[in-house]
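S.K.: Just need the structure, nothing else, for what follows:
(one chain, ligands or ions: 1)
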Amino acid sequence: MTPGVGDTVADGAPVAEAIGVSKRYGATVALRDVHLTVLPGESHALVGRNGAGKSTLVSLLTGLAKPDAGTLRLDGRAAPAFGDTGAWRSRVACVHQHSTILPELTVAENLFLNRQSTSALRPIRWKHLRRRAAELLGTYGVDLDPASRAGELTVVQRQFVEIARALSFGTRFVVLDEPTAALDAPGADRLFTRLRDLRQQGVAFLYISHHLREVHDLCDRVTVLRDARHVLTAPVAGLGRDTLVAAMTGAPEGRAPARHVPAPARRDAPVLLSVEDLTLPGACHGVSLTVRAGEAVGLAGSAVSGNVRVGEAVAGLHRFRAGRVEVAGRALRGGDVPGALAAGVGLVPEDRHRQGLVPGRGVDENVTLTAGARLGPFGTVRPARVRALAGRLIEDLAIGTPTPTTPVSALSGGNQQKAVVARALATGPRVLVAIRPANGVDVTAKEFLHGRIRRAVTDGAAALIVSDEPDDLRACDRVLVMREGRITAAFATGWSDEQLVAAMEGITGSAEGEET
Ligand SMILES: Nc1ncnc2c1ncn2[C@@H]1O[C@H](COP(=O)(O)OP(=O)(O)OP(=O)(O)O)[C@@H](O)[C@H]1O
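M.R.: Numbering: from 1, shown residues only. Next comes the predicted model:
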């Protein structure tokens, strides 16, 4: 039977408490005497700059890591013993950025993974399984066919299968780790509506996000971590953005970080990237655009607009059915990554976990991975050159790493993203394709990364910034908007975020009269 979300163990007790917890990884202190209390039915935001300790606190609260000091309590009782996975699962769940849903299985199979039948010897009763799945989804208002294949679900639907599965173990406390990172604006809205419904049913959330607007839209209270310490817990209502940013950065309030105001690219600067009539089956049709030296062009669009595929095609990741891509006048072959790299294309890929980094390898190796020719003659690699280039890139991108050889998997998410950007810049690209370049980085690091990309542009590169994030697009000189595989609108300077969002949603938009 599915335990009801209202079944409380110790009524009114916090669903989760961390009392003076500390955690160290080698020489790095990830958490120092941190306190956190999440109340029943509360939506509690956990924010902080990259490397502040948020994921580490989540690892402790979900039983994935053991605190060095301090106490953890769930539902008013001591947390389960470290390693007792079943007990942890019934009291806390975490929906991570990477999905744990198995795409080849159906929704019902995913919901009851390893619980399909009542004992190992009893055959699975499929009809019964699907009925239970339908009941479970119905309880949480998720409208999905249990027999559909999980691989065909949207990101939000997958997240909801994960949340429903988590709740079916009886927990009333769900940690959401940057759940909107892979969502477009309508997807995020759908997620928020569902989360609000669940809160009405008594489910509490710990919500990790770098988007302060989401914190304001969704959360009751917020806890800020800075440099491994707890600095603030307060109700969100009435807490100004400045106060929150000041708590995160430690900088005095009211000192606004410097904003970049793009200088318009020279109209007579050479075209470094030219895309003509590009057609990729199922993704885009007849897309044409140009980017000049010294210019950053945004390619905006929702997750299904095809904009990411266009960016990836420029970087050689896809064959194209028709059209032409030229870098500095040289035609690229579709699906030829080394060719694109040799022509001078740098790529910040969409998914740093799948496409970006080699997790077990050092930061130094990761950031220099694309820079083969600079590391030694005839395909050889000179360790001294790797060290020198890596050192420069780590400093240049302000990557927070204890040493250059630390495995990149030991860095916080935001610092991993900086390593991905460093790798794209390592070759000194003529054309930089940056897909959501500030994904998962904190508010100040975001400005820093945009500034760094602008610097490459000022130095003469052409940048194509593929994103649906108004912040990313604000760093551009002009923006093209894609919908359903075509460019549907173009904005020169002076657009508002609302105009861009409306064009991405298809509420307005005309590309007439603009240079694409
Ligand atoms: N497995 C690990 N091994 C070594 N160091 C680690 C490990 N996990 C985290 N750290 C270090 O602990 C510190 C806190 O990292 P954590 O991932 O908790 O930060 P975060 O607040 O989640 O950051 P982000 O917003 O960038 O994801 C960082 O300095 C990080 O490098």
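S.K.: CA atoms for contacts and neighbours, from now on please.
M.R.: Fine.
S.K.: Where does the record place the domain boundaries for the chain?
M.R.: The record assigns the chain these domain ranges, following automatic domain parsing: 16-97+171-249, 270-344+429-516, 360-427.
S.K.: any weak-confidence spans in the stretch 401-516 of the chain?
M.R.: Low-confidence regions of the stretch 401-516 of the chain, defined here as pLDDT under 70, cover residues 507-516.
S.K.: Okay, strands next: where are they in it?
M.R.: Counting by DSSP state E, counting those that start in this stretch, the segments of the stretch 401-516 of the chain that form strands are 431-435, 462-467, 478-483, 486-491.
S.K.: what about the residue nearest to V443 when sequence neighbours are not counted, how many neighbours?
M.R.: By the measure of Cα to Cα, 6 or more residues apart in numbering, the closest residue to V443 outside its immediate chain neighbours is H210, 6.7 Å from it. Around H210 there are 23 other residues, counting by other Cα atoms under 10 Å.
S.K.: try P103
M.R.: 15.
S.K.: Likewise for the one 3 residues further on?
M.R.: For T106, the number of neighbouring residues by other Cα under 10 Å comes to 19.
S.K.: possible to save the strands of the stretch 401-516 of the chain as TSV with mean neighbour count and distance to the ligand?
M.R.: Written out in TSV, the entries for the strands of the stretch 401-516 of the chain read as follows (neighbours: other Cα atoms under 10 Å; distance: least, Cα to the nearest ligand atom, whole Å):
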stretch	mean neighbour count	distance to the ligand
strand 431-435	28	18
strand 462-467	29	20
strand 478-483	26	28
strand 486-491	22	32
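S.K.: sec struct for the residue nearest the centre of the chain, please.
M.R.: Closest residue to the average C-alpha location of the chain: A181 at 3.5 Å, with Cα atoms, centre = their mean. Assigned state for A181: coil (three-state reduction, DSSP: H, G, I helix; E, B strand; the rest coil).
S.K.: Pull up the gap between it and the ligand, please.
M.R.: 12 Å (Cα to the nearest ligand atom, to the nearest Å).
S.K.: Same question for S302.
M.R.: In this structure, S302 lies at 24 Å from the ligand, with Cα to the nearest ligand atom as the measure.
S.K.: Likewise for H35?
M.R.: In this structure, H35 lies at 15 Å from the ligand, with Cα to the nearest ligand atom as the measure.
S.K.: quick one: that residue is in a strand?
M.R.: Yes. Looking at H35 with three-state DSSP, it is inside a strand.
S.K.: dump the residue contacts of it.
M.R.: Under the criterion of Cα atoms under 8 Å, 6 or more residues apart in numbering, the contact partners of H35 comprise E17, A18, I19, G20, V21, H230.
S.K.: which among those residues gets closest to R196?
M.R.: When the contacts of H35 are compared for distance to R196 (Cα to Cα), E17 wins out at 22.2 Å.
S.K.: returning to what we had before: where does the residue nearest to V443 fall, secondary structure wise?
M.R.: For H210, there is no host helix or strand (DSSP states H and E).
S.K.: one step back: which one of the contacts of H35 is nearest the ligand?
M.R.: H230 (11.5 Å; Cα to the nearest ligand atom).
S.K.: got a pLDDT number for the residue nearest to the closest one when sequence neighbours are not counted?
M.R.: Take H230 and drop its neighbours on the chain: the residue closest to it by Cα to Cα, 6+ apart is V34, 5.3 Å away. Predicted confidence (pLDDT) for V34: 97.
S.K.: what do you get for P3?
M.R.: Per-residue confidence at P3 stands at 40 (pLDDT).
S.K.: Also G254?
M.R.: In the prediction, the pLDDT value recorded for G254 is 50.
S.K.: Make 19 the first number, not 1, from now on.
M.R.: Noted, 19 is the first residue going forward, which turns the last one into G272.
S.K.: nearest residue to the residue of the stretch 119-268 of the chain found nearest the ligand other than its sequence neighbours?
M.R.: The shortest separation between the stretch 119-268 of the chain and the ligand is 6.8 Å, found at A246 (distances taken as Cα to the nearest ligand atom). Spatial nearest neighbour of A246, excluding adjacent residues (Cα to Cα, 6+ apart): L49 at 4.2 Å.
S.K.: check which helix or strand covers the one you found.
M.R.: strand 46-56.
S.K.: Now do the next helix or strand after that strand against strand 46-56, angle only.
M.R.: Towards the C-terminus, the helix or strand next in line after strand 46-56, according to DSSP H and E, is strand 61-66. Relative orientation of strand 61-66 and strand 46-56, computed by axes from the mean of the first three to the mean of the last three Cα atoms, to 10 degrees: 160 degrees.
S.K.: Strand 61-66 - contacts with which helices or strands?
M.R.: Helices and strands touching strand 61-66, by 3 or more Cα pairs under 8 Å, 6 or more residues apart in numbering; DSSP states H and E, are helix 72-79, strand 222-226, strand 239-244.
S.K.: so L155 sits right up against D161, yeah?
M.R.: Yes. Taking Cα atoms under 8 Å as the definition, L155 is a contact partner of D161 at 6.9 Å.
S.K.: Run through the protein and note the low-pLDDT ranges.
M.R.: Within the chain, the segments meeting pLDDT under 70 span 19-29, 115-116, 132-144, 200, 269-284, 390-400, 525-534.
S.K.: Give me every residue in it lying close to the ligand.
M.R.: Applying Cα under 6 Å from any ligand atom, one finds that the chain approaches the ligand through 43, 48, 66-74, 428-433.
S.K.: that older thread, which strand residues bridge the residue nearest to A246?
M.R.: Per DSSP bridges, residues listed as beta-bridge partners of L49: K41.
S.K.: What ranges does the stretch 19-168 of the chain have for its strands?
M.R.: For the stretch 19-168 of the chain, the strands defined by DSSP E, counting those that start in this stretch cover 34-43, 46-56, 61-66, 87-92, 95-96, 111-113.
S.K.: Name the stretch among those that sits most buried.
M.R.: Counting by mean count of other Cα atoms under 10 Å, strand 61-66 has the highest mean neighbour count of these, with a mean of 27.
S.K.: Pull up the pairing partners for that strand, direction included.
M.R.: Strand 61-66 has the following strand partners under DSSP bridges: strand 222-226 (parallel), strand 239-244 (parallel).
S.K.: That strand to helix 72-79, inter-axis angle?
M.R.: With the same axes, to 10 degrees as the basis, strand 61-66 and helix 72-79 are set at 130 degrees to each other.
S.K.: List of residues touching strand 61-66?
M.R.: Outside strand 61-66, the residues that touch it by Cα under 8 Å, 6+ apart are 56, 72, 217, 222-228, 233, 236-244, 266, 460.
S.K.: from those residues, which would you call buried?
M.R.: Buried by 16 or more other Cα atoms under 10 Å: 56, 72, 217, 222-228, 233, 236-244, 266, 460, out of the contacts of strand 61-66.
S.K.: Quote the end-to-end distance of stretch 486-494.
M.R.: Counting by Cα to Cα, to the nearest Å, the length from the leading to the trailing residue of stretch 486-494 is 12 Å.
S.K.: mind checking how far that stretch is from the chain centre?
M.R.: Taking Cα atoms, centre = their mean, to the nearest Å, one finds the center of stretch 486-494 at 15 Å from the center of the full chain.
S.K.: Appreciated, that's everything.
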